[in-house]
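Participant: Below: sequence and its predicted model.
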Amino acid sequence: MTKIFTIAWREFLATVATKGFIIALFLPPMLMAIALIALPLLLNKKPPSVAGHIALIDQSGVVASRLEEAFTAEKLRQRREAKVQAAVDQGTQAMGMDPKIAEEAKKAAGSVTGPFPPGMPAMPELPSLRMQVLAADANVETEKQPILRATGREQASDESDARLALLVLAKETVTGIGAPTGSAEVTYPKYELFVAPRLDPEVQGDIREQVAKAIVDARLDGAGLDVDKVRGLFSRPESSTMAVTKEGERKTNQVAALLIPGGFMILLWISIFTAGQYLLAGTIEEKGSRVMEVLLSAASPMELMIGKILGKGAVGAVILLLYGGVGMGTLVVFAMTHLIAWQTLLFTLVYFVIAYATIACIMAAIGAAVTEVTEAQSLLGPVMMILVIPMMLWMPIMRNPNSGFAQVCSFVPLINPFIMVLRISGSEPIPIWQIPASMIVGILTVVVLAWMSAKVFRIGVLMYGKPPNFRTLIKWVRMA
Amino acid sequence: MNNAISLNKINKSFGSKRAVIDLDLAIPEGSMIGLIGPNGAGKTTSIRMIMSIIFADSGSIQVLGKDSAIESKDRIGYLPEERGLYKKMKVGDFLKYIGRLKGIDGAGLEKTVRDWLERVGLPDCYRKKCEELSKGMQQKVQFIASVIHEPDLLILDEPFSGLDPVNSRLLRGLVDEQHQRGCTLIFSTHQMSQAEALCDRVVMIHQGQKVLDNTLDEISARYTPREVRFEPVGDFVESNVSNLAGIDRVERHNGTVWAHLSKGVQCEHVLRQIAATTPVRKIEVVRPTLEDVFIGIVAGSAKTEEERAELLALMRSTGVKTSSDVSGD
């Protein structure tokens, strides 16, 4: 036994205590941290504020006053507050943010300039805008000229009162063509909007939105309808979506429901695949450098194989715990830890062990059978196909975690640990019995694979020369 | 005297190929035997069975007093033919690892390793990576790995290959030391001359079977000299010699004449006769070398001259050095 641990310890250190591993381990999370935290901080320099006026040529005569009012300071502030509130609501609804954090966000949203809830793009200072109504018969070309002098980046303090945009509304835009004659089809020509090239897109969007609203309101008014009443009828119905579960009703978190299981599975995949690769490469290197003969004079092939599998398994566990820890830490920061039960974490660990053992047996056998990494490629093909299947099934399974298909896949040897991890980390509960049952399937798979791999390992480890193909490997399994 | 190794009717086949056939071998404790034979003869397979890396199909093996070779694993040292080191591992760490696997306690291990490195002339290599060492240095490290646990049985596979004369001599000294310690040594090689120089006994394996198992003295005694070589002075008339009774044929090699004796002829008698008929500068009776014995045995199985030539060519190609290679003819 001690030999196995001696071997396992060396295998672990040989991989982990190298510069290459440490860099590969810490670099991705660090890069991600930089991307998620530092970059937004850098880029979050608020876009410069906007100050100036929008010129309006209203040939219909009924829209000007509405637009003037829409662009008062008060209205601008109101619209900004509503936007921030919507973002906060979306955060709580879709992402399942903790209500406490949502409260914090709401308070922060009270200040329309920030700080903003995480994930929201920074907004510039409130624009200092007003609508300047020109004569209905003003010359469009003349009135366009001042725009040329505007940069779109003027500040309020400049007091330059730049002309940032020119709106031209034709009469027909409001009244429509074909209406008086009562023909079925009424067309409304477009209105024209001339803007300074670098005008903030948000402001442009706001202008278009307000113009549209003003025109429609004018049409309603012109048709003799009560504008406010009609607007009220059109308010967008919202749903309060609750999932009915045995534990009681709770809000659904659509985004989280998809991302978290995906995250779990990718975590599993990365840690297992990386460790498996180290196992394969290490075994091949030992064969190639002939150190295998020396090792075999000191330990039995089985002690070697088990030691290597354990040692590289520890490497996989390090990766899993580190990245998993980072993931959990992120959830803590966003106060979304309630999305994952501690049982899920425990079961994931168990499935990790099962899945790793499965892959490790295969990798050890392939590594022992060949002498060079290139020779391993052809034997690796089927293994890679196995590892890829769970990835391909991610979406279908997550959309319907308890479908017949998902349940069957949970018992297919080799892939079932990945499928189960997908299902248990989702928001939909699954039948409890399936967890121990699938674990048993997984363990039996490992036992069978270990037996076969042991035979291949024992024979292959001393074989040099032409790399074996699958048929030869099967022969070895029957031989030893 | 106990036997360090006892092999009784060992058989091993790989598929349809019979690698080792009915091998009997008894090696007394403390002896140093040479295991010779061409590649593919079954040497490595036999060695692996002694080390319990693979197992025989039939027959029994006792190693160091134990019925199962596995139990003796930690008392056997093995120096493989090719350098077997972890390239990226530090020398000290590697030796400690092997030591630990062989059952040495952690406590004094570091000191033992350092002492050994000093003994073989590599005092500064503890922290170096194995790949940084030259071939000779690696061989020495490999040697340490095979003896660090003070084995009772040491198996060396071509230990001198690739070593310069200085390192060769150093290694020989170390090997002798182990022998003095009472260790049983098996020395597997292609180079017959080395086996002759080092060992008291030789076992020859050919096509899976043991074809020779004698001490060097016994071999000398069995294979009586068949050649008289001399350097004639002045004009040499070949027919003077070739017509002598008891001489089979005469060959000229530069300035030396090789006279092959017929069967059953006493060499001293022929020696006197040659000396009587021809003035010579130098004359000697040539005992067959181990190579000659080996070739004789192996080629003896050849029926025709052609087969014999083929066999010789085959042996040369598998690394067996023949006497003509050595003398450069």
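Facilitator: Done, it's in.
Participant: mind listing what the closest residue to residue B:119 other than its chain neighbours touches?
Facilitator: The spatially closest residue to residue B:119, leaving aside those adjacent along the chain, is residue B:174, at 7.7 Å (Cβ to Cβ, 6 or more residues apart in numbering or on different chains). Where you see a C-beta, it was placed from the backbone N, CA and C, and this is true even at glycine. Taking Cβ atoms under 8 Å, 6 or more residues apart in numbering or on different chains, we find residue B:174 in contact with B:119, B:120, B:143, B:147.
Participant: go on, residue A:460?
Facilitator: Listed by Cβ under 8 Å, 6+ apart, the contact partners of residue A:460 are A:365, A:368, A:369, A:370, A:468, A:476.
Participant: rerun at 7 Å
Facilitator: A:368, A:369, A:476 (Cβ atoms under 7 Å, 6 or more residues apart in numbering or on different chains).
Participant: check these against chain B, which are close?
Facilitator: The subset of the contacts of residue A:460 lying close to chain B, counting by Cβ under 7 Å from any Cβ of the partner chain, is empty.
Participant: Out of the residues you listed, grab the one that's most surrounded.
Facilitator: residue A:368 (29 neighbours; other Cβ atoms under 10 Å in any protein chain shown).
Participant: Output stretch B:124-134 as PDB, nothing but the C-alphas.
Facilitator: Provided in PDB are the C-alpha atoms of stretch B:124-134 (Å, rounded to 0.1, in the frame of the first residue of the first chain):
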ATOM      1  CA  ASP B 124      27.200  18.400  -7.300                       C
ATOM      2  CA  CYS B 125      24.500  16.600  -9.100                       C
ATOM      3  CA  TYR B 126      21.900  16.300  -6.300                       C
ATOM      4  CA  ARG B 127      19.800  19.200  -7.500                       C
ATOM      5  CA  LYS B 128      20.400  18.800 -11.200                       C
ATOM      6  CA  LYS B 129      17.700  17.500 -13.500                       C
ATOM      7  CA  CYS B 130      18.400  14.100 -14.900                       C
ATOM      8  CA  GLU B 131      18.300  15.400 -18.400                       C
ATOM      9  CA  GLU B 132      21.200  17.700 -17.700                       C
ATOM     10  CA  LEU B 133      23.600  14.900 -17.200                       C
ATOM     11  CA  SER B 134      25.800  13.300 -19.800                       C
END
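Participant: now the chain, which segments are flagged as low pLDDT?
Facilitator: If you meant another chain, say so; for now it's chain A. A:39-48, A:88, A:90-125, A:152-160, A:178-184, A:240-257, A:334-339, A:480 (pLDDT under 70).
Participant: look at chain B instead
Facilitator: Applying pLDDT under 70 to chain B flags residues B:1, B:223-225, B:299-329.
Participant: report the longest helix in chain A, please.
Facilitator: Using DSSP state H, we find that the single longest helix of chain A is helix A:254-288.
Participant: and whatever helix or strand comes next after that one, does that touch chain B?
Facilitator: Heading C-terminal from helix A:254-288, the first helix or strand you meet, by DSSP states H and E, is helix A:291-296. Yes. Counting by Cβ under 7 Å from any Cβ, chain B is contacted by helix A:291-296 at A:291, A:293, A:294, A:296.
Participant: Outline the domain layout of the chain.
Facilitator: Let's take chain A. Each domain of chain A is listed here as a residue range: A:50-233, A:253-479, per automatic domain parsing.
Participant: I was thinking of chain B, sorry if that wasn't clear
Facilitator: With domains defined by automatic domain parsing, chain B comprises B:3-217, B:224-286.
Participant: SS state for residue B:230?
Facilitator: strand (DSSP: H, G, I helix; E, B strand; the rest coil).
Participant: what's the closest non-adjacent residue to it?
Facilitator: residue B:283 (3.8 Å).
Participant: What lies in contact with stretch B:9-18?
Facilitator: Outside stretch B:9-18, the residues that touch it by Cβ under 7 Å, 6+ apart are B:19-24, B:45, B:49, B:56-59, B:61, B:208.
Participant: I'd like to know how far residue A:311 sits from chain B.
Facilitator: Applying Cβ to the nearest Cβ, to the nearest Å, the value for residue A:311 to chain B is 12 Å.
Participant: which residues touch that residue?
Facilitator: By Cβ under 7 Å, 6+ apart, residue A:311 lies in contact with A:7, A:8, A:9, A:10, A:11, A:12.
Participant: quick one: what helix or strand has it in it?
Facilitator: Residue A:311 belongs to helix A:301-333, assigned by DSSP H and E.
Participant: ok, back up a step: how many neighbours does the residue nearest to residue B:230 have?
Facilitator: Neighbour tally, residue B:283, other Cβ under 10 Å: 16.
Participant: Which helix or which strand is home to it?
Facilitator: Counting by DSSP H and E, the element that carries residue B:283 is strand B:280-286.
Participant: from the stretch 101-250 of chain B, which residue is nearest to chain A?
Facilitator: residue B:101 (3.9 Å; Cβ to the nearest Cβ).
Participant: Now do the same contact list for that residue.
Facilitator: Contacts of residue B:101 by Cβ under 7 Å, 6+ apart are A:3, A:6, A:298, A:299.
Participant: Mind checking which of these land in helices?
Facilitator: Counted as lying in helices by DSSP H, out of the contacts of residue B:101, are A:3, A:6.
Participant: Pick out the most distant pair among the contacts of residue B:101.
Facilitator: The largest separation in the contacts of residue B:101, counting by Cβ to Cβ, is between A:6 and A:298 at 9.5 Å.
Participant: so what's residue B:65 closest to, chain neighbours aside?
Facilitator: Closest residue to residue B:65 apart from its sequence neighbours, by Cβ to Cβ, 6+ apart: residue B:2 at 6.8 Å.
Participant: and that neighbour, how many neighbours?
Facilitator: Other residues near residue B:2 come to 11 when the count uses other Cβ under 10 Å.
Participant: Could you do residue B:201 as well?
Facilitator: With neighbours defined by other Cβ under 10 Å, the count for residue B:201 comes to 20.
Participant: Is it in contact with residue B:30, as I believe?
Facilitator: No. Using Cβ atoms under 7 Å, residue B:201 is not in contact with residue B:30; the gap is 11.6 Å.
Participant: just checking, residue B:215 touches residue B:201?
Facilitator: Yes. The pair formed by residue B:215 and residue B:201 meets the contact definition of Cβ under 7 Å, at 4.8 Å.
Participant: residue boundaries of the strands in the stretch 201-329 of chain B?
Facilitator: Ranges of strands within the stretch 201-329 of chain B are B:201-206, B:209-215, B:227-232, B:247-253, B:256-261, B:280-286, based on DSSP state E, counting those that start in this stretch.
Participant: Mean neighbour count, these: which tops it?
Facilitator: Among the strands of the stretch 201-329 of chain B, strand B:201-206 has the highest mean neighbour count (mean count of other Cβ atoms under 10 Å in any protein chain shown), at a mean of 22.
Participant: Does it pack against any helices or strands, and if so which?
Facilitator: Packed against strand B:201-206 by the contact rule (3 or more Cβ pairs under 7 Å, 6 or more residues apart in numbering or on different chains; DSSP states H and E) you find strand B:32-36, strand B:209-215, helix B:290-300.
Participant: Pipe these into JSON lines and attach distance to chain A per row.
Facilitator: Listed next are the helices and strands packed on strand B:201-206 as JSON lines, based on distance: least, Cβ to the nearest Cβ, whole Å:
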{"stretch": "strand B:32-36", "distance to chain A": "16"}
{"stretch": "strand B:209-215", "distance to chain A": "22"}
{"stretch": "helix B:290-300", "distance to chain A": "25"}
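Participant: Could you list the contact residues of chain A toward chain B?
Facilitator: So far as Cβ under 7 Å from any Cβ goes, chain A lies against chain B at A:3, A:6, A:10, A:289-291, A:293-294, A:296-299, A:462.
Participant: Closest one of these to residue A:348?
Facilitator: Within the residues of chain A next to chain B, the smallest distance to residue A:348 is 28.2 Å, found for residue A:10 (Cβ to Cβ).
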